[in-house]
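Undergrad: structure of the sequence below:
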Amino acid sequence: MKKYTSIIAILLLGFSMGCKKNDDSAPMEIALQNEPPLGFDLIDVPDGAEDVDVTPTLSWESAKNPKGSDVVYDVYLDTEIIPATLYKSNLEDTSMQINEPLPLLTEYRWKVVATDTEGRKAQSATNKFTTRNLNYSDALVTPNAEFLPRSSHTSAVFDDKLWVIGGRTGAIDWANDVWYSSNGKDWSQATAAAAFSPRWGHTTVVYDNKLWVIGGFQSVGWKNDVWYSEDGTNWIKAVENAEFLPRAVHKSLVFDNKMWVIGGASLWVVFKDVWYSTDGVTWSEANDNSPFQERASHGASIFNEQMWILGGSRGMPLNDIWNSSDGEDWVQESSTSTFSKRLGASAVVFDKKLWLFGGKDDAEPKNDAWYSENGADWNIASSNQSIFSRYFHTTEVFKNKIWIIGGENDDGFLNDVWALD
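TA: Below is the predicted model:
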C-alpha cells in the first residue's frame, strides 16, 4: 500500500510543480502544418477567346494558402495542345503583361503552375485563345497622296523612308518621278524626272545601300537597262543593255547577296528565265528553262531563306507556288493554291508569315488577303475589304506595319496609302 501511495504522491508533486505561477519555463508550442498551394483558376484570357490582342495581359486567381508559405507562379504558353514552353517564371503577382507581340491569327494555349517554398505545386487548367487578325481600323493613312494616282509603279524601303518610283499615271501616260515619305502620309518629291526614261512594269530593289531600277516598259518599247541611286534624286546608269532580254512586269529580289530578275514579258513573249548580278552591270543566267511555266505580273518574296514566286499570268492567270534556294533548282509547293488564280497581286513577309494581297483574275479585281506559315498551306485573312480591291499596287513592310500603296481597280488609278498591323 505504501508503494502505491508514494507513486501517487510523486505524480501529484509533478503536477503541482508544473502548475506553479512563478515557473519561468516557456509553454509548449504546437507547430501549425504548412499547407500546399490552393487550387486556382485562370481569369484572363478566358478559354476559347478569339480576336485577342497580340500583347494581352494574362491573369489568374491566387493560389496562396492562408496556412501555407509564399507562392510563386510559372506561366507556360505556346501553340501545343499541352503547353510546355516556360514563358515566364517566379512571378509573385497574379498577372503578367505580354510585351513582345504574339503572331497574328495564331491559336495559343496557356497554363500557370504555382509553387511554394517547399516545392509543392498546384496547376491551373489550360486555356486557349486566338490572336487577332490584321488591324483594319484606322488603316487608311491618306486617301490621296501628293503623287499622281498610278499603277505598275514600284516602291521600296530605303534610308528609313518609303519610296514610290514611276508607273502608269494614265492609259498612255507613264512617269519617272521619285517620291519619298517618312510617315506614309506626307510625301516629298525627290525628282520630277529621273535620268531614266518614264516607265511602268519595272522593278526596284535596295542593294549595296542603293536604290536600283531594272527594266520596264517605256513609250518606245521594253527595256533591259539598269539604274541606281544613293539618294533617290541623282541616278546613274549601270548598264544600257543587260544580258537578259528587255522586259516588263517581271520580278526582282535581293537574295544571297545578289540581285535577281525572274520572268516577265515583252511583245508576244513571256519569260521563265532567272538571272542574277552582284554589281548590276554583269548579269548571269541561273536557269534558262525553269520548271515553272512562263509568267509575268506574279508575286515574289524572300521567305524562310528561299525565293518564292506566286501566281501571275501566261495569257491566263495562275495560282501555283514555287520556291528556290539557289535560283537554279525550283520546287513546286502547290500546283493550285487555295487562293484563286490571279495576276498583279502583291506578296510580302510579315509576322513570320507570307502574305498575298489583291490582284486580278480574268474578270475583276480581287478584294481578299491570304497568309501562309509555310508557303504551301494558305488561309484567308480577309475578304470583301476595299483595302485589297486593287491590282498592280505595291506592298512594303515599314515601321512594323504592312503598307499598301496605289494600284488600280474598276474606278481607275489610285494614290491612297494604307498601313496595317
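
Undergrad: walk me through the domains of this structure.
TA: 42-131, 140-420 (automatic domain parsing).

Undergrad: out of those, deepest packed?
TA: Mean neighbours per residue, mean count of other CB atoms under 10 Å, is largest over the domains of the chain for domain 140-420, with a mean of 20. Where C-beta positions appear, they are placed from N, C-alpha and C, glycine not excepted.

Undergrad: related to what we said a few turns ago, let's have the domains of the chain in a markdown table, adding distance to Glu35.
TA: Converted to a markdown table, those look like this (distance: least, CB to CB, whole Å):
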| stretch | distance to Glu35 |
| --- | --- |
| domain 42-131 | 4 |
| domain 140-420 | 44 |
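
Undergrad: and of the ones you listed, who's closest to Asn34?
TA: domain 42-131 (5.7 Å; CB to CB).

Undergrad: tell me how far that closest one lies from the chain's centre.
TA: Chain-centre distance of domain 42-131: 25 Å, with CA atoms, centre = their mean, to the nearest Å.

Undergrad: which residues of the stretch 1-150 of the chain fall in strands?
TA: Counting by DSSP state E, counting those that start in this stretch, the stretch 1-150 of the chain has strands at residues 42-44, 49-52, 57-60, 71-78, 86-91, 95-97, 107-116, 121-123, 127-131, 140-142.

Undergrad: which stretches of the stretch 151-300 of the chain form strands?
TA: 154-158, 161-170, 173-181, 188-191, 203-207, 210-218, 221-229, 236-239, 251-255, 258-266, 269-277, 284-287, 299-303.

Undergrad: in TSV, list the ones you listed along with distance to Asn65 and mean pLDDT.
TA: TSV is the format used below for the strands of the stretch 151-300 of the chain (distance: least, CB to CB, whole Å; pLDDT from 0 to 100):
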stretch	distance to Asn65	mean pLDDT
strand 154-158	55	98
strand 161-170	57	97
strand 173-181	59	97
strand 188-191	65	98
strand 203-207	60	98
strand 210-218	65	97
strand 221-229	69	97
strand 236-239	74	98
strand 251-255	58	98
strand 258-266	64	98
strand 269-277	67	97
strand 284-287	67	96
strand 299-303	51	98
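
Undergrad: can you list the strands of the stretch 1-150 of the chain in a markdown table and add mean pLDDT and distance to Gln332?
TA: A markdown table is the format used below for those (pLDDT from 0 to 100; distance: least, CB to CB, whole Å):
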| stretch | mean pLDDT | distance to Gln332 |
| --- | --- | --- |
| strand 42-44 | 98 | 44 |
| strand 49-52 | 97 | 34 |
| strand 57-60 | 98 | 42 |
| strand 71-78 | 98 | 31 |
| strand 86-91 | 97 | 38 |
| strand 95-97 | 97 | 44 |
| strand 107-116 | 97 | 29 |
| strand 121-123 | 96 | 46 |
| strand 127-131 | 98 | 31 |
| strand 140-142 | 97 | 37 |
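
Undergrad: select, out of the ones you listed, the one closest to Lys237.
TA: Judging those by CB to CB, what sits closest to Lys237 is strand 140-142, at 33.1 Å.

Undergrad: so which residue is smack in the middle of this protein?
TA: Asp351 (1.6 Å; CA atoms, centre = their mean).

Undergrad: now do the same contact list for Thr204.
TA: Thr154, Ser155, Ala156, Trp163, Ile165, Leu211, Trp212, Val213, Ile214, Ser252 (CB atoms under 8 Å, 6 or more residues apart in numbering).

Undergrad: surely Val72 touches Lys88?
TA: No: Val72 is not in contact with Lys88 according to CB atoms under 8 Å; the separation is 10.6 Å.

Undergrad: dump the strands of the stretch 1-150 of the chain to JSON lines, plus distance to Arg314.
TA: Listed next are the strands of the stretch 1-150 of the chain as JSON lines, based on distance: least, CB to CB, whole Å:
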{"stretch": "strand 42-44", "distance to Arg314": "52"}
{"stretch": "strand 49-52", "distance to Arg314": "40"}
{"stretch": "strand 57-60", "distance to Arg314": "50"}
{"stretch": "strand 71-78", "distance to Arg314": "43"}
{"stretch": "strand 86-91", "distance to Arg314": "48"}
{"stretch": "strand 95-97", "distance to Arg314": "51"}
{"stretch": "strand 107-116", "distance to Arg314": "38"}
{"stretch": "strand 121-123", "distance to Arg314": "57"}
{"stretch": "strand 127-131", "distance to Arg314": "38"}
{"stretch": "strand 140-142", "distance to Arg314": "35"}
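
Undergrad: Ser277 is nearest to which of those strands?
TA: strand 140-142 (34.3 Å).

Undergrad: partners of the closest one in the sheet?
TA: Strand 140-142 sits in its sheet next to strand 412-420 (antiparallel), going by DSSP bridges.

Undergrad: alpha carbons of the strand it pairs with, as CSV, please.
TA: Below are the C-alpha coordinates for strand 412-420, written out as CSV (Å, rounded to 0.1, in the frame of the first residue of the first chain):
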residue,chain,number,x,y,z
GLY,A,412,-9.2,53.8,-112.2
PHE,A,413,-5.8,54.6,-110.8
LEU,A,414,-5.2,55.1,-107.1
ASN,A,415,-2.9,57.1,-104.9
ASP,A,416,-4.2,56.0,-101.5
VAL,A,417,-1.9,54.7,-98.8
TRP,A,418,-2.9,52.1,-96.1
ALA,A,419,-1.0,50.8,-93.1
LEU,A,420,-2.0,47.5,-91.4
